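Colleague: prediction below, plus the sequence it came from.
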Amino acid sequence: MPPNNLNSMRIQPRDRFGFGSRAGFTLMEIMVGMGVLGMLLFTMYRLVGTQLMALQNTRDSQLESVAMDGLVRYVQGVLNNLPLHQTDVLRGFPHVFGMAPADELQWTARPGLALLTSAAPEEDYALTLTIQPKTATSRLQDLGIRRRLLTEPDSAYDWIPILANVFALEFRYFQPSLGWWVERWDDANARPTLVRMKIWRRASDEPFEIVLPVPSARVRQ
Amino acid sequence: MRHSCRRRSRGGFILLEAMLATAIFAMAILALARCIEGGLLAGVVQREDSRARRALLNRMRELEFGAQPYADITSGLELKGEFTGMLLKQFVVPLELTDQNKKIVDGLLEVTLEVSWPGGGGSRASKQLKFYAYPAAG
């Protein structure tokens, strides 16, 4: 076999499978392609990441809003249902815990909405809305209700957490005869016409603020 | 002619094609970014709206229960605390109404509360609450 024919036989398979010198990519082309692909993937990653973060923020915000609305409705329900002809049904005391307000709002109630259960013996109960640490050593606080029988000592209460991770809680009471807001309410024979509640979720945030009327205060005046 | 066909058969893209593809891709990315921005903005608008509602509700209760006077605040009152950045205006108009015997009913007020705050695009967003009050009832 002549030498020329041997050479053509060696070259033939390369051409048949497309590995000829014209069909491949240069290193530069591959690098540019990978660079573009990398940018695309990075952009998509950022987009998806932002979208997930936005969804998470929206969900957190909605949950917080629903929790606050529930708490406000509950406290308003308590104030609406204070017994009309009973004395000493509402008290408020200012406290400070770790340089932040940790006030207490106290009321007496019978089983029903204000007690958060109707399945309890028909007696008078003392309830206190306040904040307290999650555990004895925890720095995180929950907002909730201390519930006990009126005849039992102060320390013998059940704790019902309502709102998790609350930094501070403040109550102010509108005293109509003074025309001003006071930080303490211990007048057994009168009721404030308005109660202002402020809740700080974090130390750096502005508080959630709501003014709640006490309808029975007007009737008794 | 033959030369041109051979260049085309290499399978590469010409500059115009690459630019067109990049432009279409950029438009798609921009549209997606606008969607996400819109979603984020909707959350902010909802929060601001809820804050404004609460500011108006608090003010209405304070007026009804005597914690604030029924007086015009036309220049605007800067709110504090949670409502920082909001401006409250209050308009009180005595109503001149008569009953079925054409007797004048005194003391009825129409109160308009308006809260405004900086919105998007440099404009101010606002929310209004209008209600009737009868301070003489206590």
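Modeller: Thanks, I have it. Because the structure is predicted, anything quoted here is derived from the model rather than measured.
Colleague: show me the helices in the chain, by range?
Modeller: Picking chain A for this. A:3-16, A:27-80, A:215-220 (DSSP state H).
Colleague: right idea, wrong chain: chain B
Modeller: Counting by DSSP H, the helices of chain B are B:2-8, B:15-64.
Colleague: distance check, the residue nearest the centre of chain A against chain B.
Modeller: Centroid check for chain A by C-alpha atoms, centre = their mean gives A:Glu64 as the closest residue, at 3.8 Å. To chain B, A:Glu64 is 10 Å away according to C-beta to the nearest C-beta, to the nearest Å. C-beta: built from backbone N, CA, C; applies to glycine.
Colleague: report pLDDT for that residue.
Modeller: A:Glu64 carries a pLDDT value of 87.
Colleague: again with A:Gly33
Modeller: 87.
Colleague: check contacts around the residue nearest the centre of chain B.
Modeller: Geometric centre of chain B, nearest residue: B:Ala125, 4.0 Å, by C-alpha atoms, centre = their mean. Listed by C-beta atoms under 8 Å, 6 or more residues apart in numbering or on different chains, the contact set of B:Ala125 reads B:45, B:48, B:52, B:116-119.
Colleague: ok, back up a step: how about the residue nearest to the centre of chain A, what does it touch?
Modeller: A:Arg201.
Colleague: against A:Trp180, how distant is it?
Modeller: 31 Å (C-beta to C-beta, to the nearest Å).
Colleague: what does B:Ala21 give?
Modeller: Using C-beta to C-beta, which is the criterion applied here, B:Ala21 is 70 Å from A:Trp180.
Colleague: now residue 47: closest residue in space, sequence neighbours ignored.
Modeller: All of this is about chain A. Spatial nearest neighbour of A:Leu47, excluding adjacent residues (C-beta to C-beta, 6 or more residues apart in numbering or on different chains): B:Leu32 at 5.8 Å.
Colleague: wait, chain B
Modeller: A:Ser61 (6.5 Å).
Colleague: shaky segments in chain A?
Modeller: Low-confidence segments of chain A (pLDDT under 70): A:1-23, A:220-221.
Colleague: close to chain B: what parts of it are there?
Modeller: A:22, A:40, A:43, A:47, A:50-51, A:54, A:57-58, A:61, A:65, A:174, A:176, A:179, A:181, A:193-194, A:196, A:198, A:206-213, A:218, A:221 (C-beta under 8 Å from any C-beta of the partner chain).
Colleague: buried among those? Make that a PyMOL selection.
Modeller: A single PyMOL command selects the buried members of the residues of chain A next to chain B (16 or more other C-beta atoms under 10 Å in any protein chain shown):
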select buried, chain A and resi 50+54+58+174+176+181+193+194+196+198+206+207+208+209+210+211+212+213+218
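Colleague: thinking A:Pro94 is in contact with A:Thr130, fair?
Modeller: No - applying C-beta atoms under 8 Å as the test, A:Pro94 and A:Thr130 come out as separate, 11.0 Å apart.
Colleague: identify the contacts common to those two.
Modeller: Joint contacts of A:Pro94 and A:Thr130 (C-beta under 8 Å, 6+ apart) are A:Asp103.
Colleague: higher neighbour count, these two?
Modeller: A:Thr130 (22 against 15; other C-beta atoms under 10 Å in any protein chain shown).
Colleague: and that one, how far is that from A:Arg147?
Modeller: For A:Thr130, the distance to A:Arg147 - C-beta to C-beta - is 12 Å.
Colleague: what's the burial count for B:Val111?
Modeller: If we define neighbours as other C-beta under 10 Å, then B:Val111 has 19 of them.
Colleague: got the contact list for B:Glu64?
Modeller: B:Glu64 neighbours (C-beta under 8 Å, 6+ apart): A:213, B:133.
Colleague: which pLDDT does the model give it?
Modeller: For B:Glu64, pLDDT reads 91.
Colleague: just to revisit the earlier point, let's see the pLDDT reported for the residue nearest to A:Leu47.
Modeller: 81.
Colleague: return the most buried member of the helices of chain A.
Modeller: For the helices of chain A, the largest average neighbour count (mean count of other C-beta atoms under 10 Å in any protein chain shown) is found in helix A:215-220, namely a mean of 16.
Colleague: just the CA atoms of that one, as CSV, please.
Modeller: Written as CSV, here are the backbone C-alpha positions of helix A:215-220 (Å, rounded to 0.1, in the frame of the first residue of the first chain):
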residue,chain,number,x,y,z
PRO,A,215,-67.4,51.8,78.0
SER,A,216,-68.6,51.1,81.5
ALA,A,217,-66.6,54.1,82.8
ARG,A,218,-69.0,56.5,81.1
VAL,A,219,-72.0,54.7,82.3
ARG,A,220,-70.8,54.9,85.9
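Colleague: what's that helix in contact with?
Modeller: Contacts of helix A:215-220 (C-beta under 8 Å, 6+ apart): A:79-80, A:82-84, A:176, A:190-193, B:65, B:138.
Colleague: for stretch A:82-96, same thing?
Modeller: In contact with stretch A:82-96 (C-beta under 8 Å, 6+ apart) are residues A:79, A:101-108, A:130, A:170-171, A:173, A:183-186, A:188-189, A:191-192, A:195, A:214, A:216, A:219-220.
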